[in-house]
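# for reference, the sequence and a predicted model appear below.
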Amino acid sequence: MKTAVSLYNMNQPFKLKNPIQTYAWGSHSAIQQVMGIPPTTDPWAELWMGAHPIAPSQVYTHNDWVSLDSFIRQSPEQMLGEKTAQKYQKTLPYLFKLLAAEKPLSIQAHPDRRQAENGFDRENRLGIKLDSPNRNYRDPRHKPECICALTPFTGLKGFRKIDDMASLLSALCPESLADELDILRTKGLKFFFHSLMAIPIEKKKAVIRETIKTAKEQAAANPIFQWILTLYLHYPEDIGILSPAILNLFRLAPGEALFLPAGELHAYLDGLGIELMANSDNVLRGGLTPKHIDVPELMNILNFNESTVSILYPERISDFEDRYPVLAEEFSLSVINITNAAFFSSSEHKSPEIVLCTQGKADLSCDNPTVFIHLNAGDAAFIPACVDRYKIIGDARIYKAGVPV
């Protein structure tokens, strides 16, 4: 039986033990290298830091490990702050991840808040079980997210300009995709995308054959065509291999970030990064996956506007902390860089925070003289909102997730 933690003992940071997700697209060495351990047989895709009920972090207290979600439930106002506890039903509103993509992830998008609430209610009324593979909405929450590169990070984000898209697709498959290209030019993105998702099997095979033939001939001069060939190796029968010509292809340098709002089609292709998102499991897939694809519902939630990629750079907010300008209610992301010549001292805060050391070593302390947490690369700690101030000393780079207050 777990012993309740006193309010006094809550007023301090807590070391976290975090679950690893071993999805097939993960890496055998990327997260492992951050943590300073050898490559593993299983691919490590994500390190989860948070209170998600499927795989919560563990908190070390009273000489034992307890799940962070149950730990927060003991005293949510102290753990989360009164405003956050009230606004988010006494739960931590974000999920913090270290993500390693060695193979491409599925093309996907996430609903906005209204769509999530309506979809969750609708599927409940239909009696679709929460763990059903055909379930789209596993909770009533939206899922904005942010990705920040730790290594060069490649992905797809948002629809290209129509002229750019038409030019690329005309070069790739002018014959087999002629009807769909005419729809793109005359009726726009939404009708074009629906025609592509509903393409008959034999015609899809012809489009893929023509696309791959052209891509092989021109790949050396065009990274878009190179990525089409890479996707074809993994998904040779999936029309989603065209996605680098339809969506914006981006490559982030370490330290650069992107924000992905609701309704924006995207896919992560390769790299190691920090991912921060609202605490939701709602995903609508659009390709590059053997999993369930609900085309009508995907069409319902997607934003069909032409777009470009806007890279986020951190902005200085104190001597050692830079914050990314992320437009989300549930989370904020910043990076702390310290050297042995100085230390980071937090401002007085009322936000539940998780800090992750990605480089170097540091020591985390607070006003309680008995609390002292050593952080190596790959280590993380939870800092309750009731902690007035804390200090980090060492030579390290630390990413911090919090809630805007």
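Cool, got the structure.

# list the buried residues in the host helix or strand of residue 120.
Element membership of residue 120, judged by DSSP states H and E, is helix 113-125. For helix 113-125, burial by neighbour count (16 or more other C-beta atoms under 10 Å) applies to 113, 115, 116, 117, 119, 120, 123. C-beta: built from backbone N, CA, C; applies to glycine.

# how about the CA coordinates for it, as PDB?
These are the backbone C-alpha positions of helix 113-125, laid out as PDB (Å, rounded to 0.1, in the frame of the first residue of the first chain):
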ATOM      1  CA  ARG A 113     -11.300  20.800 -29.300                       C
ATOM      2  CA  ARG A 114     -14.900  21.000 -30.600                       C
ATOM      3  CA  GLN A 115     -14.200  18.100 -33.100                       C
ATOM      4  CA  ALA A 116     -12.700  16.000 -30.400                       C
ATOM      5  CA  GLU A 117     -15.600  16.500 -28.000                       C
ATOM      6  CA  ASN A 118     -18.200  15.800 -30.700                       C
ATOM      7  CA  GLY A 119     -16.200  12.800 -32.000                       C
ATOM      8  CA  PHE A 120     -15.600  11.300 -28.600                       C
ATOM      9  CA  ASP A 121     -19.300  11.600 -27.700                       C
ATOM     10  CA  ARG A 122     -20.400  10.200 -31.100                       C
ATOM     11  CA  GLU A 123     -18.200   7.100 -30.900                       C
ATOM     12  CA  ASN A 124     -19.300   6.500 -27.300                       C
ATOM     13  CA  ARG A 125     -23.000   6.500 -28.400                       C
END
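
# can you name every helix or strand that that helix contacts?
Packing contacts for helix 113-125, counted by 3 or more C-beta pairs under 8 Å, 6 or more residues apart in numbering; DSSP states H and E, involve helix 295-301.

# what packs against the helix or strand following the helix it packs on?
Next along the chain after helix 295-301, taking DSSP H and E as the criterion, comes strand 315-316. For strand 315-316, the packing partners by 3+ C-beta pairs under 8 Å, 6+ apart come out as strand 321-323.

# quick check, distance from the strand it packs on to the centre of its chain.
20 Å (C-alpha atoms, centre = their mean, to the nearest Å).

# how about residues contacting it?
Residues outside strand 321-323 that contact it (C-beta atoms under 8 Å, 6 or more residues apart in numbering): 314, 315, 316, 317, 332, 333, 334, 335, 336, 337, 344, 400.

# mind listing the strands that strand pairs with, and their directions?
When sheet partners are counted by DSSP bridges, strand 321-323 sits next to strand 315-316 (antiparallel), strand 332-338 (antiparallel).

# list the helices and strands the helix or strand that the last one is followed by packs on?
What it means is strand 332-338. Sequence-wise, the next helix or strand downstream of strand 332-338 (DSSP H and E) is strand 343-345. Applying 3+ C-beta pairs under 8 Å, 6+ apart, we find strand 343-345 packed against strand 390-402.

# chain center to the strand it packs on, what's the gap?
The chain centroid and the centroid of strand 390-402 are separated by 21 Å, computed with C-alpha atoms, centre = their mean.

# tell me which strands and helices that strand is in contact with?
Using 3+ C-beta pairs under 8 Å, 6+ apart, the elements in contact with strand 390-402 are strand 332-338, strand 343-345, strand 353-366, strand 372-376.

# and the next helix or strand past the worst-scoring helix or strand of the chain on mean pLDDT?
When the helices and strands of the chain are scored by mean pLDDT, DSSP states H and E, helix 7-10 comes last with a mean of 62. For helix 7-10, the succeeding helix or strand toward the C-terminus, using DSSP H and E, is strand 14-17.

# pull the distance from the helix or strand just after that next one to the chain's centre.
As assigned by DSSP H and E, the chain's next helix or strand after strand 14-17 is strand 20-21. Put simply, strand 20-21 sits 14 Å off its chain's centre (C-alpha atoms, centre = their mean).

# one more: stretch 228-235?
Mean-position distance between stretch 228-235 and its chain equals 22 Å (C-alpha atoms, centre = their mean).

# same check, this time on stretch 231-249
Worked out by C-alpha atoms, centre = their mean, stretch 231-249 lies 20 Å from the chain centre.

# so which elements touch the helix or strand following the helix holding residue 120?
Per DSSP H and E, the first helix or strand lying C-terminal to helix 113-125 is strand 145-149. Secondary-structure packing of strand 145-149 (3+ C-beta pairs under 8 Å, 6+ apart): strand 247-252, strand 257-260, strand 266-278, strand 332-338.

# which helices and strands sit right next to the second one?
When you say that, I think you mean strand 257-260. Identification of packing neighbours for strand 257-260 by 3+ C-beta pairs under 8 Å, 6+ apart yields strand 145-149, strand 153-159.

# alpha carbons of the longest one, in PDB - could you do that?
This file holds the C-alpha atoms of strand 153-159, laid out as PDB (Å, rounded to 0.1, in the frame of the first residue of the first chain):
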ATOM      1  CA  PHE A 153      15.100  16.300 -38.200                       C
ATOM      2  CA  THR A 154      13.100  15.800 -41.400                       C
ATOM      3  CA  GLY A 155       9.300  15.700 -41.800                       C
ATOM      4  CA  LEU A 156       6.300  16.900 -43.700                       C
ATOM      5  CA  LYS A 157       3.900  19.700 -42.600                       C
ATOM      6  CA  GLY A 158       0.900  21.200 -44.200                       C
ATOM      7  CA  PHE A 159      -0.200  21.400 -47.800                       C
END
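
# what are the buried residues along that strand?
153, 154, 155, 156, 157, 158, 159.

# average model confidence for it?
Averaged across strand 153-159, the pLDDT comes to 98.

# residue 329: neighbouring residues, count only.
Residues lying near residue 329 (other C-beta atoms under 10 Å) number 14.

# picking that back up, and which of the contacts of strand 321-323 is nearest to residue 82?
Closest to residue 82 out of the contacts of strand 321-323 is residue 332 (18.1 Å), distances taken as C-beta to C-beta.

# was I right to think that closest one contacts residue 402?
Yes - Residue 332 is within contact range of residue 402, at 5.0 Å (criterion: C-beta atoms under 8 Å).

# no more questions from me, cheers.
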